[in-house]
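Engineer: What follows is a predicted protein model with its sequence.
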Amino acid sequence: MDKKGVRRKALKAAFPNTVPILASFLFIGLTYGVYMKVSGFSFVYPMVMAMVIFGGSLEYLCVSMLLSPFAPVSCFFLALMVQARHLFYGISMLEKFSGLGWKRFFLIFGMCDESFSVNYSAKIPPDVDKGWFMLFVTALNWIYWVAGATIGGLAGSLIPFNTEGMDFVLTALFVVIFLEQILSEKKHYSAYIGVGMSLLCLVVFGADSFLLPAMAGILCLLTMLRGRIEKGCELA
């Protein structure tokens, strides 16, 4: 098969996995673009920020940062705290990204929550190129977000409804991905560890500060119990 055929086959396999993300990213991106517009910014701001930052929660926070007094150090640490979970995503994807050449640079840049979830858990057909599959998943999600933010910025105040609560769409998306992952496994050790550690850290650290301790705890437990978990899955 020629290179175009390989890419076409990978795109055809990747697109269905991104359809739920298409719906949520266009919707949330539209909301973000409207929010930027009614806050006094040109549509260029949400469009460029979506292209360069590509981090939904951080982009929402950037609105208040841009409207606040100049404080680069505070902005840096806030951005680091909000996006620090990607450190754990990166560690999990080291093996999957190895040997992919130039593709890994865009995969690293575009590794948002949704792209990580799909690329980590998707069952790629054996006749589909893994690198192109993951690249198309990442690129499609990036396009969806940029398109949604740009359309929202252009529409702006022309949309007369209250956008409060729209960010719950992404929460619902993760619930669906989590349920699909559970249904695809015979043993649910990883799910038990993730839910248990998250609940424990939520009680100990509170809703505003539990994310990083929970992810650190999950990473440590999965690392320590990796052999037992893999052995248990093989026995299943």
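Structural biologist: Good, I have the coordinates. Numbers count the residues shown, from 1 in each chain.
Engineer: how long is stretch 44-58 from one end to the other?
Structural biologist: 17 Å (Cα to Cα, to the nearest Å).
Engineer: What are the buried residues along that stretch?
Structural biologist: Neighbour-count burial for stretch 44-58 flags Tyr45, Pro46, Met47, Met49, Ala50, Phe54, Gly55, Gly56, Leu58 (criterion: 16 or more other Cβ atoms under 10 Å). For the C-beta atoms, the positions are set from N, CA and C on the backbone; glycine is no exception.
Engineer: thought the second one was touching Met36?
Structural biologist: Yes - A contact is recorded between Pro46 and Met36 when judged using Cβ atoms under 8 Å, the distance being 4.2 Å.
Engineer: Ser115: what's it in contact with?
Structural biologist: Val137, Thr138, Asn141 (Cβ atoms under 8 Å, 6 or more residues apart in numbering).
Engineer: Who wins on neighbours among these?
Structural biologist: Within the contacts of Ser115, most neighbours by other Cβ atoms under 10 Å means Val137, with 28 neighbours.
Engineer: give the contact list for it.
Structural biologist: Ala14, Asn17, Thr18, Ser115, Val118, Asn119, Ala122.
Engineer: other SSEs contacting the longest helix belonging to the chain?
Structural biologist: In the chain, taking DSSP state H as the definition, the longest helix is helix 3-38. For helix 3-38, the packing partners by 3 or more Cβ pairs under 8 Å, 6 or more residues apart in numbering; DSSP states H and E come out as helix 44-52, helix 56-67, helix 113-121, helix 130-155, helix 168-183.
Engineer: about what we covered before: shared neighbours, Pro46 and Met36?
Structural biologist: Ala149, Gly152, Gly153.
Engineer: Where does pLDDT dip in this structure?
Structural biologist: 1, 157, 159-174, 176-177, 180-181, 184-185, 229-236 (pLDDT under 70).
Engineer: which ones are touching Leu212?
Structural biologist: Met81, Ala84, Arg85.
Engineer: again, 7 Å this time
Structural biologist: Contact analysis of Leu212 by Cβ atoms under 7 Å, 6 or more residues apart in numbering lists Ala84.
Engineer: what about it, distance to Tyr35?
Structural biologist: Per Cβ to Cβ, to the nearest Å, Leu212 is found 26 Å from Tyr35.
Engineer: ok, how many other residues are close to Ala149?
Structural biologist: Neighbours of Ala149 using other Cβ under 10 Å come to 32.
Engineer: Lovely, talk soon.
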